[in-house]
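**Q** I would like to see how this sequence folds:
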Amino acid sequence: MRLIIGISGSTGAIYGVRLLEVLHQLPGMEIHLVMSEGAKTTISYETEYRLEEVMEWAHTVHDPRNVGASIASGTFLTSGMIVAPCSMKTLSSIANSYNDNLLTRAADVCLKERRRLVLLVRETPLHLGHLRLMTAVTECGGIILPPVPGFYQKPKTMLDLVDHSLGKALDLFGIEHHLYPRWNGLTPPLAQS
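**A** The predicted structure follows:
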């Protein structure tokens with residue numbers, strides 16, 4: 001499977017970093033990474049990961065200024081793209097087809113080619129403008145997946161919370177994972193006599 005991972009400069013860089021770490025361990029994955037300049041700063045500030053280490057988890061790292069890269073064309077076949085995290089600026093660019101960098105161009109290609117595009121939009125609270133941008137992307141076929149973890153898996157660490165949202169994103173691509181236990185329903189109480 002060939003998958004594009006975009007990382008914007010929004011807070012929540014751990015989502016993109018952890019996603020790369022998980023995908024790198026899966027057999028048969030070809031990962032194309034494009035990061036904004038802000039993402040590089042945020043990764044260094046918010047995480048303990050070295051930027052070089054993060055980039056090694058991708059098969060190809062694309063310069064965000066290179067709008068002539070392979071992932072900028074619909075003829076370059078991919079299974080789609082995950083942007084984690086997705087800033088409001090990146091969301092706005094995608095919603096308005098404002099392809100001034102490779103990250104937003106690759107996302108636009110996914111939409112025009114009807115490939116899966118999943119955006120882990122990171123902002124709170126949301127105003128009407130944000131919601132309208134999310135609606136516009138959804139109307140074009142994108143999927144808005146805010147990183148809002150479930151708690152039924154009884155998370156014990158921050159990574160448990162991160163993995164829940166990433167598992168939901170991987171599910172949308174049919175990628176098997178073991179990032180959290182699957183919900184099997186509640187055990188019914190014993191019948192009372």
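**Q** sec struct for the closest residue to Gly167 other than its chain neighbours, please.
**A** Spatial nearest neighbour of Gly167, excluding adjacent residues (C-beta to C-beta, 6 or more residues apart in numbering): Leu179 at 3.9 Å. Backbone N, C-alpha and C define where each C-beta goes, glycine included. Three-state assignment for Leu179 (DSSP: H, G, I helix; E, B strand; the rest coil): coil.
**Q** ok, how many other residues are close to Leu179?
**A** 19 (other C-beta atoms under 10 Å).
**Q** do the same with Leu131
**A** 11.
**Q** now do the longest helix seen in the chain: distance to the chain's middle.
**A** Determined from DSSP state H, the single longest helix within the chain is helix 158-171. On the basis of C-alpha atoms, centre = their mean, to the nearest Å, helix 158-171 sits 10 Å off its chain's mean C-alpha point.
**Q** what are the ranges of the helices in the chain?
**A** Counting by DSSP H, the helices of the chain are 13-24, 37-46, 51-56, 88-95, 102-112, 128-139, 158-171.
**Q** right, and the ones you listed - which one's nearest Leu145?
**A** helix 158-171 (5.7 Å; C-beta to C-beta).
**Q** keeping just the C-alphas, turn the closest one into CSV.
**A** Presented in CSV, the C-alpha positions along helix 158-171 are these (Å, rounded to 0.1, in the frame of the first residue of the first chain):
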residue,chain,number,x,y,z
MET,A,158,-0.9,9.8,26.6
LEU,A,159,0.2,7.4,23.9
ASP,A,160,-2.9,5.2,24.5
LEU,A,161,-5.0,8.4,23.7
VAL,A,162,-3.0,9.1,20.6
ASP,A,163,-3.2,5.5,19.4
HIS,A,164,-6.9,5.5,19.6
SER,A,165,-7.3,8.3,17.2
LEU,A,166,-4.7,6.9,14.9
GLY,A,167,-6.3,3.5,14.9
LYS,A,168,-9.5,5.1,13.8
ALA,A,169,-7.6,6.7,10.9
LEU,A,170,-6.0,3.4,9.9
ASP,A,171,-9.4,1.7,10.0
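**Q** buried residues in it?
**A** Of the residues in helix 158-171, 161-170 count as buried by neighbour count, 16 or more other C-beta atoms under 10 Å.
**Q** give me the pLDDT for the closest residue to Gly28 other than its chain neighbours.
**A** Sequence neighbours aside, Met1 is the residue nearest to Gly28 in space, at 6.1 Å (criterion: C-beta to C-beta, 6+ apart). With respect to pLDDT, Met1 scores 97.
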